[in-house]
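>>> Give the three-dimensional model of this entry:
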Amino acid sequence: MMEQEENIKLTKLAHCAGCGAKVGAGVLAQLLGDIRTHHDPNLLVGFDKSDDASVYKVSDELALVQTVDFFPPIADDPYLFGQIAATNALSDVYAMGGEPKLALNLLCIPESMPKTAVHDLLRGGYDKVYEAGAIITGGHSILDEEPKYGLAVTGFVHPDRVLTNAGARPGDVLLFTKPLGMGVLTTAAKADLCPPEVLQQAYTLMTTLNKAARDCMVRYEVHACTDVTGFGFLGHAYEMAQGSGVGMEIDTNAVDILPAALEFAKMGLLPEGMYRNRHYAEAAVDPGEVPLAVQDVLYDPQTAGGLLMAVAPGDADALYRDLQGAVPSAQRVGIVLPEKEGAPRITLR
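The predicted model follows:
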């Protein structure tokens, strides 16, 4: 009996995997819609623009970046699950241009989960947070039938250098830093259809911090940034376009899609979150002649995905070159356009 417990498959205990478990963006907007917010001149970023984290000005030189993220298992190995969840939670601070400093564990575990598995899960989180140069200082845990793990993270940023998802300007170049397809591949893995070497590639991407991307980004004139996670590439691009009052043209041939993910998408093996993301954003997207499978991957919920940046055209080439040597996949994926009344926010070509 103990042997069975020790070999427990974490993903079999979860209805959804990773960021695919997020409440749909459209539903979330409705839930938050009539909640009265209070004005504070030091609150530089709140939840009104669907941004990645909140930012509060402490002094002329310092602002706090705060975020929280947790989700059910996306990997069977507890240590790997801890690493992925921590990578994903830290990413929101990087997307704001900040540096993570402090973190708190958020842990939900079944009473029957082996202590060694819980220990390995927490160790994975600790190791990834330490790699980011931050410290876990405590946390909170509860019993739950479905395991979940993540972090509340506090980071620092200069008040004048905060990046939001609402600052994109017409003419900006859109750069992106990781391949797409993690949601499709982990869905295939739950069905025991994903080859081990392909799944390992996805795990490597999901445990790669966006620290290097952030460190490159802050040296240039970047007007907006967001990390692409549970709402998919098009869901997060739509939020950036809407928040910035602009349109976007996406060159789908320039978007790096993991080949196996595209093949599974052609087979119709897609996560539930993809359909939620499509329902949320598709009215604002002109798909043109782009194949359906490519569209599906563009809506695919990512876990610990890359940074999507809107960069001033004069700095785009230099930042792109720097990213090529620093991130898993530097991509020049499109341009920002002026908003046109009655036109789709996003055009695919």
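>>> Check what pLDDT Ala21 gets.
Ala21 carries a pLDDT value of 53.
>>> From the centroid of this protein, which residue is nearest?
Note on the chain: the residue nearest the mean C-alpha position is Thr229, at 2.6 Å, using CA atoms, centre = their mean.
>>> residue ranges of the strands in the protein, please?
Here the chain has its strands, by DSSP state E, at 43-45, 54-57, 63-71, 99-109, 135-143, 148-157, 173-176, 222-227, 246-250, 285-286, 307-311, 331-338, 346-348.
>>> residues of the third one that come out buried?
Buried residues in strand 63-71, counting neighbours by 16 or more other CB atoms under 10 Å, are found at Ala63, Leu64, Val65, Gln66, Thr67, Asp69, Phe70, Phe71. The C-beta positions use only the backbone N, C-alpha and C, and glycine is treated the same way.
>>> Taking strand 99-109 as reference, get the angle to it.
Angle, strand 63-71 to strand 99-109, by axes from the mean of the first three to the mean of the last three CA atoms, to 10 degrees: 30 degrees.
>>> helices and strands around strand 63-71, which ones?
On a contact count with 3 or more CB pairs under 8 Å, 6 or more residues apart in numbering; DSSP states H and E, strand 63-71 meets strand 54-57, helix 78-95, strand 99-109, strand 148-157.
>>> And the contacts of that strand?
16-19, 21-22, 44, 52-58, 85, 88-89, 92-93, 96, 98, 106, 108, 148-159, 162, 303 (CB atoms under 8 Å, 6 or more residues apart in numbering).
>>> re earlier: pick the most deeply packed of the strands of the chain.
Ranked by mean neighbour count, those are led by strand 307-311 with a mean of 28 (mean count of other CB atoms under 10 Å).
>>> and that strand, what other elements does it pack with?
In terms of contacts (3+ CB pairs under 8 Å, 6+ apart), strand 307-311 is packed against helix 78-95, strand 173-176, helix 211-217, strand 222-227, helix 232-244.
>>> burial measure for Leu80, as a count.
For Leu80, the number of neighbouring residues by other CB atoms under 10 Å comes to 20.
>>> Also the one 5 residues further on?
Around Ala85 there are 34 other residues, counting by other CB under 10 Å.
>>> what do you get for the one 3 residues further on?
Applying other CB under 10 Å, we find 28 other residues in the vicinity of Asn88.
>>> ok, it to Thr164 distance?
19 Å (CB to CB, to the nearest Å).
>>> so what's Asp227 bridging to?
Beta-bridge partners recorded for Asp227 (DSSP bridges): Leu307.
>>> didn't it look like it was pressed against Leu308?
Yes: between Asp227 and Leu308 there is a contact at 7.4 Å, judged by CB atoms under 8 Å.
>>> Overlap in contacts, these two.
Common neighbours of Asp227 and Leu308 (CB under 8 Å, 6+ apart) are His236.
>>> re the thing from before, Leu193 is nearest to which of the helices and strands packed on strand 63-71?
Closest to Leu193 of the helices and strands packed on strand 63-71, according to CB to CB: helix 78-95, at 19.2 Å.
>>> Which strands and helices lie in contact with that closest one?
When contacts are defined as 3+ CB pairs under 8 Å, 6+ apart, helix 78-95 sits against strand 63-71, strand 99-109, helix 115-131, strand 148-157, helix 196-206, helix 211-217, strand 222-227, strand 307-311.
>>> In CSV, list the ones you listed along with distance to Asp77 and mean pLDDT.
CSV is the format used below for the helices and strands packed on helix 78-95 (distance: least, CB to CB, whole Å; pLDDT from 0 to 100):
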stretch, distance to Asp77, mean pLDDT
strand 63-71, 16, 96
strand 99-109, 16, 97
helix 115-131, 8, 97
strand 148-157, 13, 98
helix 196-206, 9, 97
helix 211-217, 23, 98
strand 222-227, 24, 97
strand 307-311, 26, 98
